[in-house]
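Mind looking at a prediction? Sequence and model below.
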Amino acid sequence: MAVAGFYEDPSHQFVQRYFDGSQWTAWVIDQTGAEIIDQSWPEIPAVQVPVSSPEATIPAPALATAVAPAPMPETAPAAASASAAMVAKTPAKGEFSQQARDALKRLKIAEAEHTKNVSAAELQVVEAKIDHQKQLKKADQEIQQAKDILSGVLGTFGSVQLYGDRVVQGNHTLRLGNGVEASVNTSGSKYTTSDVHGTSGGFGLGRAVVGGAIAGPLGAAVGGATKKGKVETTTTVHDERKLFITINNSDGYITEQGSPDSEVSARNFVAEIMNAVASYNKRVGQSASALEAANKHRDHAVSDTQAIDNANTFLEATQADTSQVNEAKAALDAVISTGTAEQQVQWTKKAQRVQENSLAKTRRMSEQAQLKVANAQLASTRGVAQGTSAQQKEINAITYLVLAILLGWLGVHRFYRGSSGMGVLYLFTGGFCGVGWAVDIILAIIYLTKAGPDHEIYFINKKFAPINQ
């Protein structure tokens, strides 16, 4: 089995990959020479051991120092002894770099593992909160359904609406509990009249020519006057019918006039009113019983936060469990302490960057988790259908600001954030004649001040959604 160290990456995705002596790890060196964690690397079987020696990754000068230290002058025994002691205490440059790099790699892996565990725990909290929101929404729907037994619309005719507990026309309300009488009234009739009339014959030019040829001027006059007249008949339909619905009780009365041809609909509506009156007491009991059960269900849903509490407890425990990170950090500190002052400063800064990056990633994942909760709450409070999610878009605040400044009058920044409609409007109006453009630049600056660690900002349903504000 090969010893631990960096070797040529067998997956050929990076320049080198770290082999810990028994298996490959996610610790790699990319094409720029940076040491990073390969978050999506596939596990490579441990039997595929490196074929080259890890010493090949140590620069030649450092390797020479590690293998053959410089000889000490024989004329200074005391200095030689002190130098030998220092060499024994301080590892060679190449050996120190390898040890520090290995220790830093273990710290990064520990930090990445801790971040992954915290993210998984936060996801459990998010799922518990979203499920709690769903339970509350379901209970609210049950309450509304119970209320609709009495307050729901049962039928309409013209401007009159029949609810489960009342009849309403504009500002007039008749309560069914006070008893209601309703009827359809018709009057008038529908009939047809015919008007017959004729027209005079008039002057016939053809007949006048024939008459003139036969009998001269007298014949022309007689022939032209003999054109036949026409008889015309005009039929008119008269509809004098009228239809009214009358509804009354001790609260007052309602009258609604309808089309004479809607008599069937009117009588059906009156029948619905009378059925609603007859079943009113029964529906009152049903509504009260259903509303009581729905309110109990909601009270239970509000108080039942056990799943959220358990998830939060697990998250706190996961966040506090930094034992592996602490061990890796202590091991790195021990290695750093054996280096020169310059090396200690260099590697201490590297360790700080690792922890800062890990903290930033943890914060970003936490913000994304909170965004999911906000998304679920938005779906609940703004009427988004259950089982769907609000439209969510993540963009870079710096890119958005640059686009707003340079191409805002064309609406490019609006297209970037997903507001295509406003983008088209800006395109054809020069950013609302420059006013909207100026306002958006100011807003883009505000968004940048509220962006995440990677300058990310979020829009839910095309509206800016600040995190932790």
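Sure, I can see it.

contacts, neighbours, all on C-alpha from now
OK.

What are the neighbouring residues in contact with Gly430?
The contact partners of Gly430, taken as C-alpha atoms under 8 Å, 6 or more residues apart in numbering, are 409-410.

tell me the SS of it?
helix (DSSP: H, G, I helix; E, B strand; the rest coil).

That one and Gly408: what is the separation?
The spacing between Gly430 and Gly408, counted by C-alpha to C-alpha, to the nearest Å, is 9 Å.

same check, this time on Val345
Counting by C-alpha to C-alpha - Val345 and Gly408 are separated by 46 Å.

Show me which of these two is the more surrounded one.
Neighbours were counted for Val345 and for Gly408 using other C-alpha atoms under 10 Å; Gly408 has more, 25 against 12.

Count the residues that sit near the closest residue to the more buried one other than its chain neighbours.
Once flanking residues are discounted, Gly408 sits nearest to Trp437: 5.6 Å by C-alpha to C-alpha, 6 or more residues apart in numbering. Using other C-alpha under 10 Å, Trp437 has 22 other residues around it.

In which helix or strand does Trp437 reside?
For Trp437, the host element (DSSP states H and E) is helix 435-449.

Okay, buried residues for that helix please.
436-438, 440-441, 444-445, 447-448 (16 or more other C-alpha atoms under 10 Å).

Just the closest of the residues you listed to Ala465, please.
Tyr447 (9.6 Å; C-alpha to C-alpha).

Where does the prediction get shaky in this structure?
By pLDDT under 70, the weakly predicted segments of the chain are 1-2, 41-93, 197-231, 364-392, 453, 461, 466-469.

Kindly list the longest helix within it.
helix 93-151 (DSSP state H).

Point out the other helices and strands that the helix or strand just after that helix packs with.
Using DSSP H and E, the helix or strand that follows helix 93-151 in sequence is strand 153-157. In this structure, strand 153-157 packs against strand 160-163, helix 263-278, with contacts taken as 3 or more C-alpha pairs under 8 Å, 6 or more residues apart in numbering; DSSP states H and E.

As a markdown table, these with mean neighbour count and distance to Ala301 would be great.
Output for the helices and strands packed on strand 153-157, formatted as a markdown table (neighbours: other C-alpha atoms under 10 Å; distance: least, C-alpha to C-alpha, whole Å):
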| stretch | mean neighbour count | distance to Ala301 |
| --- | --- | --- |
| strand 160-163 | 20 | 30 |
| helix 263-278 | 18 | 34 |
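
that older thread, how far does the helix holding Trp437 sit from its chain's centre?
23 Å (C-alpha atoms, centre = their mean, to the nearest Å).

What strands line up against the very next helix or strand once past it, and which way round?
Using DSSP H and E, the next helix or strand after helix 435-449 towards the C-terminus is strand 456-460. Using DSSP bridges, the strands paired with strand 456-460 in its sheet are strand 392-396 (antiparallel), strand 463-464 (antiparallel).

Next, format those as TSV and append distance to Glu356 and mean neighbour count.
Formatted as TSV, the strands paired with strand 456-460 follow (distance: least, C-alpha to C-alpha, whole Å; neighbours: other C-alpha atoms under 10 Å):
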stretch	distance to Glu356	mean neighbour count
strand 392-396	21	16
strand 463-464	27	14
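
What about the nearest residue to Ile457 once chain neighbours are set aside, how many residues nearby?
Once flanking residues are discounted, Ile457 sits nearest to Ala451: 5.1 Å by C-alpha to C-alpha, 6+ apart. Ala451 has 19 neighbours, counted by other C-alpha under 10 Å.

I'd guessed Ser119 sits against Thr362; true?
Yes. At 7.2 Å, Ser119 counts as touching Thr362 under the criterion of C-alpha atoms under 8 Å.

So Phe14 versus Gln344, what's the distance?
Distance from Phe14 to Gln344, by C-alpha to C-alpha: 28 Å.
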